[in-house]
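Engineer: Any chance you can model this:
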Amino acid sequence: MLKELGINNLCKQTSGILNLILSLNLIMIVFKFGGASINDANSIKNIGRILQNYTDELLVVVVSAMGKTTNELEAVVKAYLQQNDTHNNLLNAIAAKHLITAQNLFGATNTATDQLAQIFVDLQNQLNKPPRGNTDFIYDSIVSVGEIAASVLLSAWLNHCGLPNQWLDARDCILTDNHYREGNVQWQPTCQAIVQQITNLDNKGVKWAVTQGFIGGTPEHLTTTLGREGSDYTAAIFANALDAQYMAVWKDVAGIYSGDPRIVPTAVKINNLSYREAVGNDLLWGKSYTPQNDKTATKQKNSVVCALVFTAYRGRHPYTYPKPGSTAAYNSLPPKPNTTNAVYPRFFVYCRTLS
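Structural biologist: Next comes the predicted model:
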């Protein structure tokens with residue numbers, strides 16, 4: 001579709017993919033699912049049910065590692081660097097969790113199990129050698145396996161459910177320097193790579209891509225990570241590069257609160273919260289908002305300050321959320337950009353609840 005319309009370098013166009021999508025009555029959206037939303041087989045099935053409502057859209061799905069896998073892999077890194085012989089047992093437990101999840105999803109024999117087994121065999125082979133070189137490089141090469149394994153599972157499940165998608169390696173899209181554990185995104189090549197990868201999928205007739213948060217790649221094709229909580233950052237990068245109409249962060253909570261409701265019983269949900277209000281009140285620092293997203297919001301083209309508007313709400317049901325442009329109403333619908341103002345949102349970020 002994109003190639004037929006003769007669009008070769010969307011990255012440098014102000015309107016980019018968005019104008020094309022609007023002309024075809026399509027919506028480009030980016031979804032991010034965190035570890036709590038992809039914790040086990042039932043969680044993955046839940047994501048499949050959610051995504052069934054978006055078969056008409058062009059969609060990039062960004063996933064984190066399953067549950068607490070990143071923490072578990074960090075323990076593997078620590079044990080490996082200390083050479084205390086516990087890293088093998090720790091890795092075996094992580095591998096078993098993923099393989100059991102695959103079995104619960106697909107049964108005893110399936111290609112996802114084979115893919116996962118190979119991922120963990122490759123990592124085991126790395127751990128069988130003594131650690132050498134930069135410890136941050138070692139960290140990235142090990143911890144990144146969590147996102148890779150989770151995305152393999154989700155992509156395979158969606159295809160199994162008749163929801164065609166292509167697994168996309170984020171290391172071919174998010175291009176960074178060699179600053180391991182905190183890779184600095186190289187914006188122009190990253191934008192070009194993302195557009196090229198998505199265009200390649202479109203040329204194959206594939207409308208969905210499933211990729212990994214948190215990880216990137218160097219010019220030498222080595223793995224980097226973007227810092228903890230980097231999956232939201234990844235989703236924001238994709239949304240910027242693709243001129244997405246909106247980015248949705250799916251959470252296992254009802255929205256953004258004035259405090260942690262598990263700690264502060266009187267905390268109230270905030271239905272409308274602007275980017276500036278969020279940053280000014282420190283409400284989104286941490287899991288819902290990270291300084292990296294601020295870089296994404298203010299770094300991009302045309303010197304337009306991209307004021308991300310976070311709209312938190314609880315829908316009628318996670319599987320029947322109305323889509324943008326439908327007649328059904330959201331609890332809170334973000335305003336359209338004010339074209340008379342030099343500062344306006346280029347895309348919106350929704351926080352959506354999984355249950």
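Engineer: Quickly note the distance from D243 to K45.
Structural biologist: To K45, D243 is 31 Å away according to CB to CB, to the nearest Å. C-beta coordinates here come from the backbone N, C-alpha and C atoms, glycine included.
Engineer: Of these two, give the one with the bigger neighbour count.
Structural biologist: D243 (24 against 14; other CB atoms under 10 Å).
Engineer: Look up phi and psi at that one.
Structural biologist: phi 50, psi 40 (degrees, to the nearest 10).
Engineer: That one is in contact with M28, isn't it?
Structural biologist: Yes: between D243 and M28 a contact is recorded at 6.9 Å, counting by CB atoms under 8 Å.
Engineer: May I have the predicted confidence score for P324?
Structural biologist: P324 carries a pLDDT value of 40.
Engineer: What of the one 10 residues further on?
Structural biologist: With respect to pLDDT, P334 scores 35.
Engineer: same check, this time on L283
Structural biologist: According to the model, L283 scores 41 on pLDDT.
Engineer: Could you do L20 as well?
Structural biologist: Confidence score, pLDDT, at L20: 53.
Engineer: Quick check: buried residues in the helix or strand hosting I50?
Structural biologist: Using DSSP states H and E, I50 maps to helix 41-51. By 16 or more other CB atoms under 10 Å, the buried positions in helix 41-51 come out as A41, S43, I44, N46, I47, G48, I50, L51.
Engineer: quick one: contacts for N184?
Structural biologist: By CB atoms under 8 Å, 6 or more residues apart in numbering, the contact list for N184 reads T176, D177.
Engineer: Could you do N92 as well?
Structural biologist: N92 touches nothing, counting by CB under 8 Å, 6+ apart.
Engineer: Can you tell me the SS state at it?
Structural biologist: Of the three states, N92 takes helix according to DSSP: H, G, I helix; E, B strand; the rest coil.
Engineer: how close does it sit to T224?
Structural biologist: 26 Å.
Engineer: Can you tell me how far A108 is from A102?
Structural biologist: On the measure of CB to CB, A108 and A102 end up 10 Å apart.
Engineer: More neighbours: these two, which one.
Structural biologist: Neighbours per residue, other CB under 10 Å: of A108 and A102, the larger number sits with A102, 26 against 7.
Engineer: Which strand or helix spans that one?
Structural biologist: Counting by DSSP H and E, A102 is part of helix 87-106.
Engineer: Just the buried residues of that helix, please?
Structural biologist: H87, L90, L91, I94, A95, K97, H98, L99, T101, A102, L105, F106.
Engineer: residues in contact with the residue nearest to the last one when sequence neighbours are not counted?
Structural biologist: Read it as F106. Of all residues not flanking F106 in the chain, A112 sits nearest, at 6.0 Å (CB to CB, 6 or more residues apart in numbering). Residues counted as contacts of A112 (CB under 8 Å, 6+ apart) are A102, L105, F106, V152, L153, A156, W157.
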